[in-house]
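A.B. asks: Need a 3D model of the sequence below.
(chains A, B and C)
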Amino acid sequence: MNNKIILRVENVSKSFGGIKAVSGVSFELNRGEIMGVIGPNGSGKTTLNNLITGFIKKDGGKVWFNGTDITNWPEHKIADAGLTRTFQVMRPYPTLPVYKNLIPPLYSARARRSVGGKQGDRKARAIDLLEEVGFERDAQVPYKLAGSLPLGYLKRLELCRCLALRPELIVCDEIFSGLSASEIASMLPLMEKLRDHGITLIMVEHRLRELFRIANKVIVLNFGEKIAEDEPKHIFSNEKVHQAYFGGEVTYVSEDNGLFASDQ
Amino acid sequence: MDLIIYGLINSVSLVLSSIGFALAYGVSRVPNFAHGSLYVLTGYMTWLFLNQYKMPYIFAILLSLAIAGLVGSILYRYILIRVRGMPISEIIASFGIGMAILEMLRWAGLRGGTYMLPPFIRGSIDVAAVPVDYQRIIILIAGAAVVGFLWVFTHYTKTGLSLRGIAQNERAALTLGIDSDKAATVALGFGSALAGLAGVLMFPLGNITVQSGYEVLIFAIAVSVCGGLGSWGGAILASFLIGFAQIITVTYIASHYHFVVALLTIVIILILKPSGLFGRQKELEERV
Amino acid sequence: MQDKRKERIDRGVKVRSDTIYAISSMKEIMYLIGPRMGLVLFLLALPLVLPIYWQKVVSITAVYALLAVSFGFLSSYVGLVNLGGALFVGVGGYISGLLNSAYGLPLYISIPAATLLGALFCTLVLLPCLPLRGIYFAIVSFVYPLAAVRIISATGAFGGTDGIAGLDMIGSGYGSQYFIIVTLLLVTFGVSRLVSAEDIGLIFRGVKDNEQAIKASGLNLTMYKAVAVFIGALIGSFAGAWLAHLYGWVGMSLMATDFSILPLAATVVGGTSTIYGPLVGTLLLVPISEALRDFGTLRIVFYSVAMVFFVVFWTEGLLIYIKRKYEQFERWVRV
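C.D. replies: This is a model prediction of the structure:
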């Protein structure tokens, strides 16, 4: 198997009752890339995310991570292999200091291989990690209660929880949603920094404009099926994609503003 | 042939004893663990009215059923309403009340063979060469009647429709102006009266015992879990499944296992398929 | 009419956070450790001051307190509401009884062995139920001891309805009383250290509040739940084994609903926010319940009603209430 490919998803399907949430989705992802997953609401993005990370059992299909078949692995084992994820709904320990939120992931076997087993090591590592994603150490933010953090910091904390594992691939579930344009603007360099550190990212997103700035490629889901896979700048030239997003015939595609106006 | 007839009767008894619990849970999402105590309480009250106050049988029954319904409503209106939405507290509170009622009855002397209700009609009849007493026939008829009545009630009356609305989607029902607390009060009252009805129908087959209160609760839980918590149709199907399973085990293994079947059903169903055999809830909901 | 409101002011020694105190004098140290020492001394003094009959009650209270600590640990810190504490008691009791009567092991071997084996057994039988949460786990755990009782009576295993009699007895002298009291204190202290530990305690909290994040952190959720159940079952099985030798007899009544519900009631009454809540609740409920034993099942009515009252109308529980009174001034001020 090609060492360049970090994740290979083949024909993955899942239905809930009669509804096909995801059907026959396949793609390959190269190491060190950022891949966007987009699609209208209810198109199966989050389900796909859950299927890859093992949080939902697959009806069919296979997933390879680093050349290993992880199709039927439990969630924690997948995370232990280096494929982890963020959640849309974040539930930190609200009554604990921020850094303590990172103790459980730092306690995991994968993290301990790199951090070491002592409690003090974990605390130091937690604070380092928080600084890496933009928590100001001087302002004592790591010691504030997690429940008092604004949304932007919570998202970073969520990302930090993944980074604690020293992952190779992070699946980000709508990490930009609910953030203001300026908050996202400050997140973008962070995502690029992660990529430069060799972490591959899958980003399930609604915020297309920002996503397209950093993504290497994008796949588009509609009604659980993959309808397109391309570079961001070409994706909307695809007629199916245009139809899924805007409905009707393709009449005119503006180069920049017109296209994403609906997304604001 | 015995198997079919006894299985049928046993299944209908299960329907009767559990439908009240399933109904109340379906509408209010309050697991009424006082269910079994209302079953016994109604039987005891009927006995009391019949023997101490010398009321006519039918009047004694109706009065006890009314009281049972009232107790259920009050239980919700003044106690359970405060812990609504916290399932564990609901269980603890309702089970505590049920246990207090049952143990109070036990303390008041409810034991031994004195406490018996007479059958509605004495005697028995041969059905396909199997003798079946009239009381059991009445249970069959009553079970069918209750199910039929509930169906009509929830499909054609305004109260019934609002109960169904709450059961299916509480928030949507709220926006339509259905008072969810009122519906829950009605449902718990109704469920308790149904528990009582099961009591007065089935106690004539044996003694009124405190223990049967706990057993009926377990039966109701078994049936509801097996049918999928909150699904009334599922509860009825599950009653038949468990009912026949019980009769088959009792016939081929030993009569001690009657109760064990219900208990093991709960464990096995919850382990294998927590949403129940006929539940509409997604598997994810109770695990996530 | 003059409007008033109640004002609450923290005493100087208490800082904003719940677990951090600023201490500057011996007096303040005493102020903090006073109540804790008081509880310990109270428990240690019990055997000395109580009349003979009540000395057995000390043992029974301690057994219930152990069960309450086990329940409180599992429900408040790991999110597993175990309504089947009787299973732990029964399994521990039966194993110890069997080891003692069938294999002739003396009780200082049979009790520890039963503690370990019982915990192992309970963890194994509860293992398939661990993915369940909330009410579903509560129901299934409630059913286990009931099913066990029925199976034992139906099959006649382990002496059937008669149980196993003639076990070695633990005397009710000072030795045994102090042993159980010290064990209780150590267990309570150990559990409270465990749940406030910065690694495993945090993971248990995550298991309770945020399963998803635990799984995504590469931690095996089921394994941590199993570890928690094992710890809870260790405590429960020990209590059961102790009880078996206290009575010199094991039987189906060791799996009575009492052992599941009374600890629950004690936890609710004492409060769930610290592990000392269940302990305080037990110290209050069990003696009253034992005093009511002459009135038959009225004692069950008593603790059921107490449980309902606290769970519905006074959810914080006694300990938090007392703590608040102790740490804060209260006064009425004009608005």
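
A.B. asks: use CA for all of it now, contacts and neighbours both
C.D. replies: OK.

A.B. asks: hey, what's residue 5 bridged with?
C.D. replies: In the absence of a named chain, this looks at chain A. For A:I5, the beta-bridge partners are A:N30 (DSSP bridges).

A.B. asks: Switch to chain C, please.
C.D. replies: Going by DSSP bridges, C:R5 forms beta bridges with C:V333.

A.B. asks: That one and C:R334 touch, don't they?
C.D. replies: Yes: using CA atoms under 8 Å, C:R5 makes contact with C:R334 at a distance of 6.6 Å.

A.B. asks: Write out the residues of chain A neighbouring chain C.
C.D. replies: Proximity of chain A to chain C is confined to A:75-80, A:84-86, A:91-93, A:100, A:103-105, A:107-110, A:119, A:161-162, A:165 under the rule CA under 8 Å from any CA of the partner chain.

A.B. asks: hmm, 7 Å instead?
C.D. replies: Selection of chain A residues close to chain C by CA under 7 Å from any CA of the partner chain yields A:75-77, A:79-80, A:84-85, A:91, A:103-105, A:107-108, A:162, A:165.

A.B. asks: I'd like to know which of those are part of helices.
C.D. replies: A:E75, A:H76, A:K77, A:A79, A:D80, A:I103, A:P104, A:P105, A:Y107, A:C162 (DSSP state H).

A.B. asks: Now do the same contact list for the fourth one.
C.D. replies: A:A79 makes contact with C:A216, C:S217, C:G218, according to CA atoms under 7 Å, 6 or more residues apart in numbering or on different chains.

A.B. asks: if we look at chain B, which of those are close to it?
C.D. replies: Within these, nothing lies near chain B by CA under 7 Å from any CA.

A.B. asks: for those residues, which one is nearest C:L319?
C.D. replies: Closest to C:L319 out of those is C:S217 (34.6 Å), distances taken as CA to CA.

A.B. asks: show me what contacts the closest one?
C.D. replies: A:H76, A:A79, A:P105, A:S108, A:C162, A:L165.

A.B. asks: What's the separation between it and chain B?
C.D. replies: 16 Å (CA to the nearest CA, to the nearest Å).

A.B. asks: follow-up on the earlier one: and the least confident of the residues of chain A next to chain C?
C.D. replies: Least confident entry in the residues of chain A next to chain C, by pLDDT: A:R91, with 79.

A.B. asks: how deep is the closest residue to it other than its chain neighbours tucked in, by neighbour count?
C.D. replies: Here the nearest residue to A:R91 in space, its sequence neighbours aside, is C:N210; by CA to CA, 6 or more residues apart in numbering or on different chains that works out to 6.4 Å. Counted with other CA atoms under 10 Å in any protein chain shown, the neighbours of C:N210 add up to 17.

A.B. asks: that older thread, show me the contacts of A:A79 that map onto helices.
C.D. replies: Going by DSSP H, the helices hold C:A216 from the contacts of A:A79.

A.B. asks: Centre of the chain to stretch C:215-225, how far?
C.D. replies: Distance, stretch centre to chain centre, for stretch C:215-225: 25 Å (CA atoms, centre = their mean, to the nearest Å).

A.B. asks: following the helix or strand B:I58 falls within, which helix or strand comes up?
C.D. replies: If you go by DSSP states H and E, B:I58 is part of helix B:57-74. Once the chain leaves helix B:57-74, the next helix or strand it forms, by DSSP H and E, is helix B:87-107.

A.B. asks: May I ask which two of the contacts of C:S217 are separated the most?
C.D. replies: So, these by CA to CA: farthest apart are A:H76 and A:C162, at 12.3 Å.

A.B. asks: Between those two, point out the one with more neighbours.
C.D. replies: Neighbour totals were compared for A:H76 and A:C162, and A:C162 leads with 29 against 26 (other CA under 10 Å).

A.B. asks: Make sure that one is actually in contact with A:R85.
C.D. replies: Yes: using CA atoms under 7 Å, A:C162 is in contact with A:R85, at 6.4 Å.

A.B. asks: and the residue of chain A nearest chain C?
C.D. replies: In chain A, the residue found nearest to chain C is A:H76; the distance is 4.1 Å by CA to the nearest CA.

A.B. asks: Alpha carbons of stretch A:223-235, in PDB - could you do that?
C.D. replies: C-alpha atoms of stretch A:223-235 as PDB (Å, rounded to 0.1, in the frame of the first residue of the first chain):
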ATOM      1  CA  PHE A 223     -28.400  12.600   0.300                       C
ATOM      2  CA  GLY A 224     -25.600  10.400   1.600                       C
ATOM      3  CA  GLU A 225     -23.800  10.100  -1.700                       C
ATOM      4  CA  LYS A 226     -20.600  11.500  -2.800                       C
ATOM      5  CA  ILE A 227     -21.400  13.700  -5.700                       C
ATOM      6  CA  ALA A 228     -18.100  15.300  -6.300                       C
ATOM      7  CA  GLU A 229     -14.400  15.400  -5.300                       C
ATOM      8  CA  ASP A 230     -12.200  18.100  -6.600                       C
ATOM      9  CA  GLU A 231     -10.000  21.000  -5.700                       C
ATOM     10  CA  PRO A 232     -11.900  23.800  -4.000                       C
ATOM     11  CA  LYS A 233     -11.700  26.200  -6.800                       C
ATOM     12  CA  HIS A 234     -13.100  23.800  -9.300                       C
ATOM     13  CA  ILE A 235     -15.800  22.200  -7.100                       C
END
